[in-house]
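**Student:** just to be clear, the model below is a prediction. Sequence and coordinates:
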Amino acid sequence: MLRLVRPRFPSLSGGGDSVAVVPADLPFETETPRLRLRRPVPDDLDFHVALHSDPRLYTHAPQALKSEEENRAQFAAFLRHWDDHGFGYWTVEDRASGEPLGVAGVRQAEGYLNLYYRFHHQGHGRGYAREAAREAVALAAEWLPGMPVRAVVRDGHEASLRTAERAGLARAGTLRHPDDLPEEEPSVMLEAPQVHRLDRVENPDEVVDLWQRVNDAGGSVGFTPGAPRSQVEAALRRHEDEMAAGLAFLGVLRDPSGALLGLGWWTRSRTPLLAHTRWLYRLMVDPSQQGRNLGRILMGGLHRLARSDGAELLTLDYRSGSGVGAFYARCGYTEVGRIPGAIRVAPGDDRDDVIMTRRVDGAVLRPDGRT
């Protein structure tokens, strides 16, 4: 389960090629099941130099291996980026032992956020880079809007390409990196999908097509597998009516080519007492893209949209037995109740309606306690 080391970061605003600054007292630090992802400190210099001086880590681009002096200057630049922007490449540690394992995260480049990961040789093959990269992309989707997340990988470096793709990025062309030799093929550029707000459904057929694929794959999106398209279309029209009334908006996840990968609706209550709360409905990701971190990226982007819409408290529900509770917990949600047997999937198959919630700032939920 995701647990932030310090209070969640404040909302960031950004557009074009700019990125807002995170205040220095709220660093962009977090933990994953196995890793601690923290801001680098001057005492990390020796580890950084040793990591970036190991020729075994540069077999796909030996010309990129830098001298000790260059690596010291690079580390100083990493520290300055944190000072200037409030985020950057982490020092990655083993949560259990505290041992430094590598460097990973996102850093501002020219017009994009560069995704980076490098781990010591003994840690290769254990999925550390994938775990850190997935977290970096998901957090960037929530807290660093305005610029896409990209990775530049040497052509033929299959392990690094797989890591980027498992973090949610897709191949988006090639470019000539400064470390590419003239006789070599240009590096591969990969880019993460982005989440956008829609106040009206621009392409209903596209949404219904995705909805049916998710439904038929067993997703918990309001129907049982095999439900006719007409029923899904009718449900979509109800959401469109809410959107037209200003009571809902749609968040869509699209890859760099524009393909729809996922979506979810935020709805609000007409009751003024609940104006600070939003409810999440119909969260779905293309079932053919499972395992690529897209659910976390979508949720991160949806949280950002809800925050910018004025929300303070986010609530969702799901049917028990669907297996999504652990996913929502990793996204910061806490179960606050369930209604036993409230959802009848089929005769003799009643499920609980499970309710989860979180604050948009990630702070601990504190019940009022009064009866």
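**Tutor:** Arrived safely, thanks for sending. The structure displayed is predicted, hence computed values, not measured ones.

**Student:** only C-alpha atoms for contact and neighbour calcs from this point on.
**Tutor:** Fine.

**Student:** low-scoring stretches of the stretch 151-300 of the chain, by residue?
**Tutor:** The stretch 151-300 of the chain contains residues with pLDDT under 70 at 180.

**Student:** break down it into its helices, ranges please.
**Tutor:** For the stretch 151-300 of the chain, the helices defined by DSSP state H, counting those that start in this stretch occupy 158-166, 204-216, 229-244, 294-308.

**Student:** beta partners of V149?
**Tutor:** Beta bridges link V149 to L113, judged by DSSP bridges.

**Student:** first-to-last residue distance for stretch 184-197?
**Tutor:** Distance between the boundary residues of stretch 184-197 (CA to CA, to the nearest Å) amounts to 41 Å.

**Student:** and it, what's buried?
**Tutor:** For stretch 184-197, the buried set under the neighbour-count rule, 16 or more other CA atoms under 10 Å, comprises P186, S187, V188, M189, L190, E191, A192, P193, Q194, V195, H196, R197.

**Student:** for the nearest residue to the second one once chain neighbours are set aside, give me its contacts.
**Tutor:** The reference is to S187. Among residues not flanking S187 along the chain, R154 sits closest, at 4.6 Å (CA to CA, 6 or more residues apart in numbering). Contacts for R154 (CA atoms under 8 Å, 6 or more residues apart in numbering) come out as H60, A61, D180, P186, S187, V188.

**Student:** which ones among the residues you listed are found in strands?
**Tutor:** Among these, DSSP state E puts S187, V188 in strands.

**Student:** could the contacts of R154 be laid out in CSV, adding distance to N114?
**Tutor:** Converted to CSV, the contacts of R154 look like this (distance: CA to CA, whole Å):
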residue, distance to N114
H60, 19
A61, 18
D180, 17
P186, 17
S187, 14
V188, 13
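
**Student:** can you check which strand is longest in this protein?
**Tutor:** Under DSSP E, the chain gives strand 334-346 as its longest strand.

**Student:** give the buried residues for the next helix or strand along the chain from it.
**Tutor:** Moving toward the C-terminus from strand 334-346, the next helix or strand (DSSP states H and E) is strand 349-359. Of the residues in strand 349-359, those buried by neighbour count under the rule 16+ other CA under 10 Å are R351, D352, D353, V354, I355, M356, T357, R358, R359.

**Student:** what sits closest to the last one if chain neighbours are left out?
**Tutor:** This means R359. Nearest one to R359, counting by CA to CA, 6+ apart, is L313 at 4.5 Å.

**Student:** and which of the buried residues of stretch 184-197 is nearest R307?
**Tutor:** R197 (12.1 Å; CA to CA).

**Student:** tell me how many other residues crowd the closest residue to that closest one other than its chain neighbours.
**Tutor:** Nearest residue to R197, sequence neighbours excluded (CA to CA, 6+ apart): G251, at 4.7 Å. Using other CA atoms under 10 Å, the number of residues around G251 comes to 24.

**Student:** please tell me how far G251 sits from A217.
**Tutor:** Distance of G251 to A217, given as CA to CA: 21 Å.

**Student:** cool, and Y333?
**Tutor:** 24 Å.

**Student:** of these two, which one has the most company?
**Tutor:** Comparing Y333 with A217 by other CA under 10 Å, the one with more neighbours is Y333, at 23 against 15.

**Student:** for that one, what are its contacts?
**Tutor:** Applying CA under 8 Å, 6+ apart, the residues near Y333 are M356, T357, R358.

**Student:** D54: how many residues sit nearby?
**Tutor:** Using other CA under 10 Å, D54 has 14 neighbouring residues.

**Student:** if we can go back for a sec, list just the nearest of the buried residues of strand 349-359 to F75.
**Tutor:** R359 (35.1 Å).

**Student:** ok, that closest one - contacts?
**Tutor:** R359 makes contacts with E312, L313, L314, L365, as judged by CA under 8 Å, 6+ apart.

**Student:** model confidence for it, exactly?
**Tutor:** Model confidence at R359, given as pLDDT, is 93.

**Student:** quick one: it from E142, how far?
**Tutor:** Separation of R359 from E142 (CA to CA): 14 Å.

**Student:** likewise for G88?
**Tutor:** Taken as CA to CA, the span from G88 to E142 is 15 Å.

**Student:** ok, D44 next?
**Tutor:** The gap separating D44 from E142 is 28 Å, by CA to CA.

**Student:** who has more neighbours, those two?
**Tutor:** Neighbours were counted for D44 and for E142 using other CA under 10 Å; E142 has more, 23 against 13.

**Student:** OK, contacts around the more buried one?
**Tutor:** I297, M299, G300, G301, L302, H303, R304.
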